[in-house]
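Q: Predicted coordinates and the sequence they were generated for:
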Protein chains: 2
Amino acid sequence: MSGFKISTVAIIGVGLIGGSFAAALKQAGAVGTVLGAGRRPETLKEAARLGLIDEIVSYKDAAQRADLIFVAAPVGAFEAIFKELAPWLGPKTIITDGGSTKQNVIEAARNGLQSRIAQFVPGHPMAGSHEKGPQAADAQLYAGRRVMLTPLVENHPQDVETVRAAWQACGANVVSIDPSQHDGVVAAISHLPHWVAALFMEYITHSDDAALKLQTAGSGFRDFTRVAQGSAEMWRDIFIANRPAMLAELQAMKAVFERAEHALRENDAQWLENMLDHASKARRDWQDLGS
Amino acid sequence: MSGFKISTVAIIGVGLIGGSFAAALKQAGAVGTVLGAGRRPETLKEAARLGLIDEIVSYKDAAQRADLIFVAAPVGAFEAIFKELAPWLGPKTIITDGGSTKQNVIEAARNGLQSRIAQFVPGHPMAGSHEKGPQAADAQLYAGRRVMLTPLVENHPQDVETVRAAWQACGANVVSIDPSQHDGVVAAISHLPHWVAALFMEYITHSDDAALKLQTAGSGFRDFTRVAQGSAEMWRDIFIANRPAMLAELQAMKAVFERAEHALRENDAQWLENMLDHASKARRDWQDLGS
């Protein structure tokens, strides 16, 4: 137990990410009341039924009553949400978010919050699932997981500490990082795998012998494509939001693929074995923080 | 219980694939004695200690004594193994294999077995693991899994039936298919994911911020890269063996990737959403035969 306690938290968008944050704070005894707001009444009702939120409120009520607001909607909706919250925001209310990109979320926050920008502490929990919605919420989702904060020069250090403490109460491992470095890192290790898995799935379903291929696919295919099950809307927003970093990653990755294709074309067994051996060792040495 | 029973089976290469075939036949009560042969004495001793094989024998003894020989070595070693077996092969002995490619294995068998080619029934069990060696062998590895046979015109139908029955005794779902169609199918749904996962791992470890990226990587990265842990030697042989089909697949997949990169560059959110939605639905609709 971290001893951290906050009176009222509002979740904007009570799906997997927002609902799990609520569930984790509740399980840690770190929150008094959890308010839920969002654009889908049925999702909010389901979240209330599951006990993730205590009250369904408007954006205005969330802004006026919460000590901490967690925005966990698709990143494409952030600017509109910030604009709805801004006029009603309590002077001490802190806003944080779960958006998968940070430079464009910060831009949306500057546009939406204007003079209240100092109250926004950007964050990104590196956890997820191909499951979605409040029914997928899990108090353990963030246990041992990395959360990256990208604080603004305008932020009050005490507000950054509050957001850090809230995530630590959820069991997360919190680091602070520069927003552009954040966007490059997540493009490489999170967005790129999703991009490739989805396009691979698309490729297979449109190829010759697609039915036979899908019947024949086994456990390697299953693991490799698992992330492709994610929400199309969420991932569309992520790719668009992180476009410059994604395009840079795609260029850099292509060079590695071209080199390998050349080796295969030339029958260069030694190059292939060295690469495969290096990749295999690197993957075996990798420690999954969350497992 | 299928009622299938064979007196003596020899496994050439008692690792994950060969060891699991032995374990599954034993568990089904479908085999009398299992002989093990191979180039690594320590692997054979471990397989004997684990009870996967009853006796360690020479290739010559395996060829003379077995009713069914299962070749489960890296495909690059097949021709040499066939050459060692050929002079001693009993007139009724059937050989089958677990090689991941079929056209080049058949060529190796024709070169190695010469006039005994009719005794070779090519096969490929679509099951595996990133674990390797006899200690990873599992009697359930093939349960519900697809096994593809690519019979030769020279094969006696009764021999094909025997190989089919042996796999069915292991719980596998057996189909017969043309060797070139087989190689295209496995290039797409098995070899391509391994190729991409290994190169992605290689790309990440050589990129800027590699340490931070690896620390930040989560469950999506974990699943996407899992297959990259496989044996470098085995996969080198697979890629070289299935080179024509792999190169064709790489070209076809690249066209899909180029189209998507164009959409991202042009900010075409609708194209991206349609693609992601289609991929997500296709992956959700996919039924994993082995799970």
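A: Ah, there it is.

Q: Relative to chain B, how far out is the residue nearest to the spatial centre of chain A?
A: For chain A, the residue nearest the mean C-alpha position is A:Ser100 (4.1 Å; Cα atoms, centre = their mean). As judged by Cβ to the nearest Cβ, to the nearest Å, A:Ser100 and chain B stand 11 Å apart. From N, CA and C alone the C-beta is placed, and that goes for glycine too.

Q: Phi, psi for that residue please.
A: phi -80, psi -10 (degrees, to the nearest 10).

Q: what's the pLDDT at A:Ile189?
A: Per-residue pLDDT puts A:Ile189 at 94.

Q: quick one: it from B:Thr216, how far?
A: 6 Å (Cβ to Cβ, to the nearest Å).

Q: before we move on, which element is A:Val196 in?
A: helix A:192-205 (DSSP states H and E).

Q: do A:Val147 as well
A: A:Val147 belongs to strand A:146-149, assigned by DSSP H and E.

Q: Dump that strand to PDB, restricted to CA.
A: Only the C-alpha atoms of strand A:146-149 are listed here, as PDB (Å, rounded to 0.1, in the frame of the first residue of the first chain):
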ATOM      1  CA  ARG A 146       5.500   0.800 -17.300                       C
ATOM      2  CA  VAL A 147       3.700   4.200 -17.200                       C
ATOM      3  CA  MET A 148       5.500   7.100 -19.000                       C
ATOM      4  CA  LEU A 149       4.700  10.600 -18.000                       C
END
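
Q: Contact residues of the stretch 51-200 of chain A facing chain B?
A: Neighbours of chain B within the stretch 51-200 of chain A, by Cβ under 8 Å from any Cβ of the partner chain: A:126-129, A:145-146, A:148, A:177, A:181, A:184-186, A:188-190, A:192-200.

Q: Out of those residues, which end up buried?
A: With burial judged by 16 or more other Cβ atoms under 10 Å in any protein chain shown, the buried subset of those is A:126-129, A:145-146, A:148, A:177, A:181, A:184-186, A:188-190, A:192-200.

Q: Report the contact partners of A:Ala24.
A: By Cβ atoms under 8 Å, 6 or more residues apart in numbering or on different chains, the contact list for A:Ala24 reads A:139-143, A:169-171.

Q: How much space separates A:Asn155 from A:Val121?
A: Taken as Cβ to Cβ, the span from A:Asn155 to A:Val121 is 6 Å.

Q: what are the ranges of the strands in the stretch 51-200 of chain A?
A: Assigned by DSSP state E, counting those that start in this stretch, the strands in the stretch 51-200 of chain A fall at A:55-56, A:68-71, A:94-97, A:120-121, A:123-125, A:146-149, A:173-176.

Q: now for the last one, which elements pack on it?
A: If contacts are counted by 3 or more Cβ pairs under 8 Å, 6 or more residues apart in numbering or on different chains; DSSP states H and E, strand A:173-176 sits against strand A:146-149, helix A:157-169.

Q: Show me the contact partners of the first one.
A: Counting by Cβ under 8 Å, 6+ apart, the neighbours of strand A:146-149 from elsewhere in the structure are A:96, A:102, A:121-126, A:160, A:163-164, A:167, A:172-177, A:182, A:289, B:215-216, B:218.

Q: what about the nearest residue to A:Ser190 once chain neighbours are set aside, which helix or strand?
A: Among residues not flanking A:Ser190 along the chain, B:Gly220 sits closest, at 5.8 Å (Cβ to Cβ, 6 or more residues apart in numbering or on different chains). Taking DSSP H and E as the criterion, B:Gly220 maps to helix B:219-225.

Q: Does anything pack onto that helix? Which helices or strands?
A: helix A:192-205, helix A:219-225, helix B:192-205.

Q: following it, which helix or strand comes up?
A: Taking DSSP H and E, what comes next after helix B:219-225 is helix B:232-241.

Q: So the next helix or strand after that next one, near chain A or not?
A: Remark: after helix B:232-241, the chain's next helix or strand is helix B:243-265, criterion DSSP H and E. Yes: using Cβ under 8 Å from any Cβ, helix B:243-265 reaches chain A at B:243, B:246-247, B:250, B:252-253, B:256-257, B:260-261, B:264-265.

Q: Is it possible to mark the buried ones in the residues you listed?
A: Using 16+ other Cβ under 10 Å, the buried members of these are B:243, B:246, B:250, B:253, B:256-257, B:260-261, B:264.

Q: mind giving me the domain ranges of chain A?
A: Domains of chain A are assigned by automatic domain parsing as A:6-177, A:181-285.

Q: quick one on the thing from earlier: strand partners of the strand holding A:Val147, parallel vs antiparallel please.
A: strand A:123-125 (antiparallel), strand A:173-176 (parallel) (DSSP bridges).

Q: Just put those strands in CSV and tack on distance to B:Arg284 and mean pLDDT.
A: Output for the strands paired with strand A:146-149, formatted as CSV (distance: least, Cβ to Cβ, whole Å; pLDDT from 0 to 100):
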stretch, distance to B:Arg284, mean pLDDT
strand A:123-125, 24, 96
strand A:173-176, 31, 94
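
Q: Please identify the most buried of these.
A: strand A:123-125 (a mean of 27; mean count of other Cβ atoms under 10 Å in any protein chain shown).

Q: ok, residues contacting that strand?
A: So strand A:123-125 is in contact with A:17, A:21, A:96-102, A:141-142, A:145-150, A:163, A:167, A:172, A:182, A:186, going by Cβ under 8 Å, 6+ apart.

Q: one more time with 6 Å, if that's ok
A: With Cβ atoms under 6 Å, 6 or more residues apart in numbering or on different chains as the test, strand A:123-125 has contacts from A:96, A:98, A:142, A:147-149.

Q: mean confidence for stretch A:66-76?
A: In the prediction, stretch A:66-76 has an average pLDDT of 94.

Q: Send over it as PDB, restricted to the C-alpha atoms.
A: This file holds the C-alpha atoms of stretch A:66-76, laid out as PDB (Å, rounded to 0.1, in the frame of the first residue of the first chain):
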ATOM      1  CA  ALA A  66     -13.000  15.800  -9.600                       C
ATOM      2  CA  ASP A  67      -9.600  16.200  -8.000                       C
ATOM      3  CA  LEU A  68      -8.100  14.100 -10.800                       C
ATOM      4  CA  ILE A  69      -9.500  13.600 -14.300                       C
ATOM      5  CA  PHE A  70      -8.200  10.600 -16.300                       C
ATOM      6  CA  VAL A  71      -9.000  11.000 -20.100                       C
ATOM      7  CA  ALA A  72      -9.100   7.500 -21.600                       C
ATOM      8  CA  ALA A  73     -10.900   8.100 -24.900                       C
ATOM      9  CA  PRO A  74      -9.500   7.500 -28.400                       C
ATOM     10  CA  VAL A  75      -6.800  10.200 -29.000                       C
ATOM     11  CA  GLY A  76      -8.800  11.700 -31.900                       C
END
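
Q: Distance to A:His206 for the strands paired with strand A:146-149 - can I get that in a markdown table?
A: Shown next, in a markdown table, are these (distance: least, Cβ to Cβ, whole Å):
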| stretch | distance to A:His206 |
| --- | --- |
| strand A:123-125 | 33 |
| strand A:173-176 | 40 |
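
Q: And the ones you listed: which comes nearest A:Ile117?
A: Smallest distance to A:Ile117 across those (Cβ to Cβ): 15.0 Å, for strand A:123-125.

Q: Run through the helices of the stretch 1-150 of chain A in chain order.
A: Using DSSP state H, counting those that start in this stretch, the helices of the stretch 1-150 of chain A run over residues A:16-27, A:41-49, A:59-65, A:78-85, A:103-113.

Q: winner for burial among those?
A: Comparing those by mean neighbour count (mean count of other Cβ under 10 Å), helix A:16-27 ranks first with a mean of 25.

Q: can you state the direction angle for that one and helix A:41-49?
A: 20 degrees (axes from the mean of the first three to the mean of the last three Cα atoms, to 10 degrees).

Q: Alpha carbons of helix A:16-27, as CSV, please.
A: The C-alpha coordinates for helix A:16-27 follow below in CSV (Å, rounded to 0.1, in the frame of the first residue of the first chain):
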residue,chain,number,x,y,z
LEU,A,16,-10.5,-1.1,-20.7
ILE,A,17,-7.9,1.6,-19.9
GLY,A,18,-10.1,3.9,-17.9
GLY,A,19,-12.0,1.1,-16.2
SER,A,20,-8.8,-0.6,-15.2
PHE,A,21,-7.5,2.6,-13.7
ALA,A,22,-10.7,3.0,-11.6
ALA,A,23,-10.6,-0.6,-10.6
ALA,A,24,-7.0,-0.5,-9.5
LEU,A,25,-7.4,2.7,-7.5
LYS,A,26,-10.5,1.2,-5.8
GLN,A,27,-8.7,-2.0,-5.0
